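In: sequence and predicted model, in that order:
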Amino acid sequence: MNITLKKFLPHALVLLAILSLGACSTAPVLPEGEEPLEPRFSADRVLIKGATTSADEISDPWEGFNRSMYRFNYRFDKYVFLPVVTGYQAITPDFMEKGIHNFFRNIQDITTLINSILQLSAEKTANTTVRLVVNSTIGILGFINVAHEVPRSDEDFGQTLGRWGVGPGPYLVLPVLGPSSLRDGTGTLVDAIVIKEIRNAALDLETWQEWTWDILRVIDLRAHVAFRYYETGSPFEYEWVRLLYTTKRQLDVER
């Protein structure tokens, strides 16, 4: 990365993050042509043969804390997160929002590559390597998803631990991030540290620039997840989400 780009990129991200705080609403809309990311607990493959997770099998010894955190996340999402996301979308042109999203997805491919190697998956390693090389060069650091026809995987350290026999452990609802487990929460932390170390090695960012990067990353992630708290109308939504998340993660590890 040349010196000019290294100086420009942090300031561009900072500007977008600051401007996103200037509008309020609660219904973010995806840019035209964009598909929502899969929620962390979605169950698109719950009916696949072999998905045997049942509610009785899920360990939830911290249920009191988890329920309180679930309610906190709902309020934070409704009164803070979604309004900020909508403000960000209101002031960001669709092409720029898509480019930023592609950039962060390209960054995420770094941890996918590392975890694909740790999982000894030759196919995922090869595909992710191609995506990273092509998008980081021809795609201008990933802002353009040139390698969109190359299969993409989302591999994280929680899946890697599961791949080598580490169980999920107790169910855990994380602040802002939502449904997780002791294993997956640990995996999220490890992946975040890896990305931070790589970023620090590639870019000479000041503390406020690092915070702006992280905030913009979280805003972009929330903007592309369709889930909304308490839209099910069910009094058992907590149990429903817990089951779907646990089942999905089981399938993620097994695929």
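Out: It's in.
In: show me where the protein has helices.
Out: Ranges of helices in the chain, per DSSP state H, are 3-19, 63-76, 82-91, 94-118, 122-137, 157-163, 182-202, 207-223, 237-254.
In: would you mark the buried spots in the longest one?
Out: In this case it means helix 94-118. 97-118 (16 or more other Cβ atoms under 10 Å). Just so you know, the C-beta spots here come from the backbone N, C-alpha and C atoms, and that holds for glycine as well.
In: output the contacting helices and strands for that helix.
Out: For helix 94-118, the elements it packs on are helix 3-19, helix 122-137, helix 157-163, helix 182-202, helix 207-223, judged by 3 or more Cβ pairs under 8 Å, 6 or more residues apart in numbering; DSSP states H and E.
In: quick one: end-to-end distance for stretch 113-123.
Out: In stretch 113-123, first residue to last residue: 11 Å (Cα to Cα, to the nearest Å).
In: highest average neighbour count across the helices and strands packed on helix 94-118?
Out: Among those, helix 157-163 has the highest mean neighbour count (mean count of other Cβ atoms under 10 Å), at a mean of 22.
In: dump it to CSV, restricted to CA.
Out: In CSV, the C-alpha atoms belonging to helix 157-163 read as follows (Å, rounded to 0.1, in the frame of the first residue of the first chain):
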residue,chain,number,x,y,z
PHE,A,157,-11.6,-19.7,15.1
GLY,A,158,-14.7,-20.9,16.9
GLN,A,159,-15.4,-23.2,13.9
THR,A,160,-11.7,-24.3,13.9
LEU,A,161,-11.9,-25.2,17.6
GLY,A,162,-15.1,-27.2,16.9
ARG,A,163,-13.4,-28.9,13.9
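In: now for that helix, which elements pack on it?
Out: helix 94-118, helix 182-202, helix 237-254.
In: want to throw these into CSV with distance to residue 64 and mean pLDDT?
Out: Shown next, in CSV, are the helices and strands packed on helix 157-163 (distance: least, Cβ to Cβ, whole Å; pLDDT from 0 to 100):
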stretch, distance to residue 64, mean pLDDT
helix 94-118, 32, 97
helix 182-202, 16, 96
helix 237-254, 12, 95
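In: dump those helices to CSV, plus distance to residue 60.
Out: Output for the helices and strands packed on helix 157-163, formatted as CSV (distance: least, Cβ to Cβ, whole Å):
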stretch, distance to residue 60
helix 94-118, 26
helix 182-202, 11
helix 237-254, 7
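In: contact partners for residue 237?
Out: Contact analysis of residue 237 by Cβ atoms under 8 Å, 6 or more residues apart in numbering lists 229, 230.
In: how far away is it from residue 110?
Out: 34 Å (Cβ to Cβ, to the nearest Å).
In: do the same with residue 144
Out: 17 Å.
In: my guess is residue 223 contacts residue 89. True?
Out: Yes - Residue 223 lies in contact with residue 89 (Cβ atoms under 8 Å); the separation is 6.3 Å.
In: please report how far the spatially most central residue of the chain lies from residue 56.
Out: The centroid of the chain falls nearest to residue 221 when counting by Cα atoms, centre = their mean (5.5 Å). Residue 221 is 32 Å from residue 56, where distance means Cβ to Cβ.
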